[in-house]
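In: Following is a predicted model, sequence given first.
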Amino acid sequence: MSKTMVALDFSTRKEVYEFLLQFNEPIYVKIGMELTYSFGFEIVREVKAMGHHIFLDLKLHDIPNTVKQAMKNLAKLDVDVVNLHAAGGSAMMRAAMEGLKEGSVNGKRPMCIAVTQLTSTSQAAMNDELGIPGSVQDCVIQYAKLAKESGLDGVVCSVHEAKAIHEACGTDFLTVTPGIRLADDSKDDQKRVATPQYAYEQGCDYIVVGRSITKANDKVATYHMIEDIMEGK
């Protein structure tokens, strides 16, 4: 299975299908809030019917019972990965896992990963605005340990914390890392970014790549080039 998740950050169904129809094989895609809030879960079902693997990136964060019931419904979509905010705490994360198991299709639940700190969050913003002391890495590792103790499969983190998370939580605990850019690309609104090569060197399990692929002149070639890097070729 691909180690590169392509963020389908498009505004229209047409853009989604025009992009996906360029590929002759299933790929891993990320469907986030923009598409889901525009077209509902029908877009998820349609992309799944095309044979693609889906990371449904909705970042749940609410009281435990609400998250449990929401995850129970998300599991019925037969997506491959879902997520929530680790900041919601252990009770919420454990409830989420209960919901996923109850709603699983054919006994197979989606993997569940916890968002640690958004890659748009800087050290200063975390300390001064969110009121969380210490370094970003300290906070991310604490959230990762909490997620593992709560039964989750892994976390969303930046490339710069992936190695430390594997050291703290084991190599089987997944690291999914957004904020990936090719060397010549703009950072846009991301703060803690890195190249695919650096992500591979840091042992990231999956990377999320958006504009570097979706805005490329040759999208398929760029995807395969990045995937080859992540496979160590």
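Out: That came through fine. Residues are numbered from 1 along each chain as shown.

In: which element follows the lengthiest strand in the chain toward the C-terminus?
Out: Ranked by residue count and defined by DSSP state E, the top strand of the chain is strand 53-60. Next helix or strand after strand 53-60 toward the C-terminus (DSSP states H and E): helix 64-75.

In: For that following helix, buried residues please.
Out: 64, 67-68, 70-72, 74-75 (16 or more other C-beta atoms under 10 Å). For every residue, glycine as well, the C-beta is placed using N, CA and C.

In: mean confidence score for that helix?
Out: Average pLDDT, helix 64-75: 98.

In: In PDB, list the C-alpha atoms belonging to it.
Out: In PDB, the C-alpha atoms belonging to helix 64-75 read as follows (Å, rounded to 0.1, in the frame of the first residue of the first chain):
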ATOM      1  CA  PRO A  64     -16.600  10.900  24.800                       C
ATOM      2  CA  ASN A  65     -20.100   9.700  24.000                       C
ATOM      3  CA  THR A  66     -20.500  12.100  21.100                       C
ATOM      4  CA  VAL A  67     -17.200  11.000  19.600                       C
ATOM      5  CA  LYS A  68     -18.100   7.400  20.100                       C
ATOM      6  CA  GLN A  69     -21.400   7.700  18.200                       C
ATOM      7  CA  ALA A  70     -19.700   9.700  15.400                       C
ATOM      8  CA  MET A  71     -16.900   7.200  15.000                       C
ATOM      9  CA  LYS A  72     -19.500   4.400  14.900                       C
ATOM     10  CA  ASN A  73     -21.100   6.100  11.900                       C
ATOM     11  CA  LEU A  74     -17.800   6.900  10.200                       C
ATOM     12  CA  ALA A  75     -16.700   3.200  10.500                       C
END
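
In: so what's T12 up against?
Out: Not one residue lies near T12 by C-beta atoms under 8 Å, 6 or more residues apart in numbering.

In: Phi first, then psi, for it.
Out: phi -130, psi 160 (degrees, to the nearest 10).

In: Number of residues surrounding G40?
Out: 10 (other C-beta atoms under 10 Å).

In: same thing with the one 3 residues further on?
Out: By the other C-beta under 10 Å criterion, the neighbourhood of I43 contains 18 residues.

In: you'd agree it is up against Y17?
Out: No - counting by C-beta atoms under 8 Å, I43 stays clear of Y17, with 9.9 Å between them.

In: re the thing from before, pLDDT of the longest strand of the chain, averaged?
Out: Strand 53-60 comes out at a mean pLDDT of 98.
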